[in-house]
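Asks: The following block contains a protein sequence and its predicted model.
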Amino acid sequence: LEVQEIVEFLKNPKRYTDLGGKIPKGALLVGPPGTGKTLLAKAVAGEADVPFFSMSGSDFVEMFVGVGASRVRDLFRQAKEKAPCIIFIDEIDAVGRARSKGVQMSSNDERESTLNQLLTEMDGFGTNSGVIIMAATNRADILDKALLRAGRFDRQIHVDLPDINERKDIFLVHLRNIKTDNTLDIDFLARQTPGFSGADIANVCNEAALIAARNGKKSVEKEDFLAAVDRIIGGLEKKTKVMTADEKRTIALHEAGHATISWLLQYANPLVKVTIVPRGRALGAAWYLPEERQITTREQMLDEICATLGGRAAEELFCGHVSSGAMNDLERVTKQVYSMITYLGMSDKLPNICYYNNQEYGFQRPYSEATAQLIDEETKAMIAEQYARAKDILSKNAEGHAALAQLLIEREVIFAEDVEHIFGPRPWTSRTEELLTEPTPAPAETPESEEENNETTDNQ
């Protein structure tokens, strides 16, 4: 809706100024890389049919003092001559980074003078000149506060990663020029790519087409898309890497431990595929479908931690020793438990307390040495509790775990269907399935302009 309004400002400014309103001067697009911030700015200019001036934040900063400020003046002078128009500054954090406050902090005179000139230009010309500044960044937290104040960037538009239904729409766009198999399920592809940006999805489609062409196929099939996702996430398969039978068994037991616990716990992420074929830097890997939640409860986090510790627990129980293969698992668990205790207030002994990020407050920790020791004790206790829980689950399901590990040794790759055949179907419905099965509400009868606004809101 906010992006659509910018188009309306440029197309029909009189509609707003007649009521005494002032046209906003700028809009800042904030979001992760690859979500389409630059594309959105181009779409606004194309829809409004106005000139589009595009520059990167790094284009302003030079080694010669005064060049950046001069380029800012030239850009805004050209824009005023072509008004109404849009000025788009990509990666504005290169020039708009917060100015240093302390004498001891190193400063960049050229960058700061460029920023000062930009601030002056944005607040210098009249609000009704028809020039709208749009900028994009994925680091809004480091921008200068003077740049973000009302009167400069009046609006901050958050461009988030697409959810499952939005990923379906993005796949449909990128598959238009690709010869696909008629049986290809777009819902399935959207489920396989949680957390992917629009740029990632475009890369998946292109990689799948290349894989299909490499294999001499006439069309791109489901297997090609799965191979593309695996390659992007995990890297290339390394089937030539030599492993001993004992190493292969250890890796199989480790990955089967993850798969068993994630299948048997309600809030653990559902399994997609497990492999013991080395891929990238990993000797084995398991693919899961993370639930796309808006909030996460303590119970959900504990289930995820327990499933992550399942590999190390399986090694200790069924191999009689532990290996270095669990290093990444232990790192992830430690970080997650530490954040639960220090930031999310989920500790029994330190409840409802958030120790803020101390980087914003110099080098001093926001808690005492005694509290630091208590945090360490709580971290150890929570990890030990979930590790014991993982061992208990594996002990009670040792037969199924052994069958899963043996199947993994024989085939090297197993899928969720194989796990379901051993343990039976999971009795819980995932949130992703609920989102896909929810009926889409019928649009209300509205004037044409309002329908366009609703569509724009859905796309954001």
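Replies: Alright, I've got the coordinates. Since we're looking at a predicted model, the values are computed, not measured.
Asks: looking at it, V220 is touching T180, isn't it?
Replies: Yes: using Cβ atoms under 8 Å, V220 is in contact with T180, at 5.0 Å. No exception for glycine: its C-beta is placed from N, CA and C like everyone else's.
Asks: who's more crowded, those two?
Replies: The residue with more neighbours, out of V220 and T180, is V220; 22 against 19, by other Cβ atoms under 10 Å.
Asks: Tell me the spacing between that one and C205.
Replies: Here V220 is placed at a distance of 8 Å from C205 (Cβ to Cβ, to the nearest Å).
Asks: what residues are shared contacts of those two?
Replies: I178 (Cβ atoms under 8 Å, 6 or more residues apart in numbering).
Asks: chain center to stretch 265-284: distance?
Replies: 19 Å (Cα atoms, centre = their mean, to the nearest Å).
Asks: Convert the C-alpha atoms of it to CSV, please.
Replies: Provided in CSV are the C-alpha atoms of stretch 265-284 (Å, rounded to 0.1, in the frame of the first residue of the first chain):
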residue,chain,number,x,y,z
LEU,A,265,9.1,-34.7,18.8
GLN,A,266,6.1,-32.5,18.0
TYR,A,267,7.9,-29.2,17.6
ALA,A,268,11.1,-30.4,15.9
ASN,A,269,11.4,-29.5,12.3
PRO,A,270,10.0,-32.2,10.0
LEU,A,271,12.6,-34.2,8.0
VAL,A,272,12.9,-34.1,4.3
LYS,A,273,16.1,-36.1,3.5
VAL,A,274,19.2,-37.5,5.1
THR,A,275,22.4,-38.4,3.3
ILE,A,276,25.8,-39.7,4.3
VAL,A,277,27.4,-38.7,1.0
PRO,A,278,29.9,-35.9,1.7
ARG,A,279,28.6,-32.6,0.4
GLY,A,280,30.6,-29.3,0.6
ARG,A,281,32.6,-29.4,3.8
ALA,A,282,30.1,-31.8,5.6
LEU,A,283,30.5,-35.5,5.8
GLY,A,284,26.8,-36.0,6.2
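Asks: which parts of that stretch are buried?
Replies: 265, 267-279, 282-284 (16 or more other Cβ atoms under 10 Å).
Asks: and if you look at stretch 421-428?
Replies: So for stretch 421-428, counting by 16+ other Cβ under 10 Å, buried means I422, F423, R426.
Asks: shaky segments in the stretch 201-350 of the chain?
Replies: Scanning the stretch 201-350 of the chain with the threshold set as pLDDT under 70 gives 239-242, 280-281.
Asks: Run through the helices of it in chain order.
Replies: Ranges of helices in the stretch 201-350 of the chain, per DSSP state H, counting those that start in this stretch, are 222-234, 245-264, 298-308, 310-314, 327-342.
Asks: Might you quantify the distance of the first one from its chain's geometric centre?
Replies: It stands for helix 222-234. 18 Å.
Asks: Give the buried residues for that helix.
Replies: In helix 222-234, counting by 16+ other Cβ under 10 Å, buried: K222, D224, F225, L226, A227, A228, V229, D230, R231, I233, G234.
Asks: Show me what it is in contact with.
Replies: Helix 222-234 is contacted from outside by 181, 183-185, 188-189, 192-193, 200, 203-205, 207-209, 211-212, 215, 217, 273, 279-280, 282, 285, 287, using Cβ under 8 Å, 6+ apart.
Asks: Kindly report the same for the shortest one.
Replies: Residues from elsewhere that reach helix 310-314, judged by Cβ under 8 Å, 6+ apart: 253-262, 322, 325-326, 329-330, 387, 390-391, 393-394, 401.
Asks: Can you turn the buried part of the residues you listed into a PyMOL selection?
Replies: A single PyMOL command selects the buried members of these (16+ other Cβ under 10 Å):
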select buried, resi 253+254+255+256+257+258+259+260+261+262+325+326+329+387+390+391+393+394+401
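Asks: Columns distance to R365 on top of the helices of the stretch 201-350 of the chain, output as a markdown table?
Replies: Below are these laid out as a markdown table (distance: least, Cβ to Cβ, whole Å):
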| stretch | distance to R365 |
| --- | --- |
| helix 222-234 | 36 |
| helix 245-264 | 34 |
| helix 298-308 | 24 |
| helix 310-314 | 30 |
| helix 327-342 | 10 |
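Asks: Can you say which of these is nearest to H158?
Replies: helix 327-342 (22.4 Å; Cβ to Cβ).
Asks: Can you name the next helix or strand after that closest one?
Replies: Next helix or strand after helix 327-342 toward the C-terminus (DSSP states H and E): helix 369-396.
Asks: Tell me who's in contact with H258.
Replies: V274, A286, A307, T308, G310, G311, A314.
Asks: Pull the most distant pair out of these.
Replies: So, the contacts of H258 by Cβ to Cβ: farthest apart are V274 and T308, at 14.2 Å.
Asks: quick revisit: which of the contacts of H258 tops the neighbour count?
Replies: G310 (33 neighbours).
Asks: ok, that residue to Q386 distance?
Replies: Distance, G310 to Q386, by Cβ to Cβ: 10 Å.
Asks: do D181 as well
Replies: D181 sits 43 Å away from Q386, going by Cβ to Cβ.
Asks: more neighbours, those two?
Replies: In this view D181 and Q386 are compared by other Cβ under 10 Å, and Q386 has more residues nearby, 23 against 16.
Asks: Is that one in contact with C306, as I believe?
Replies: Yes: in this structure, Q386 is within contact of C306 by Cβ under 8 Å, at 4.5 Å.
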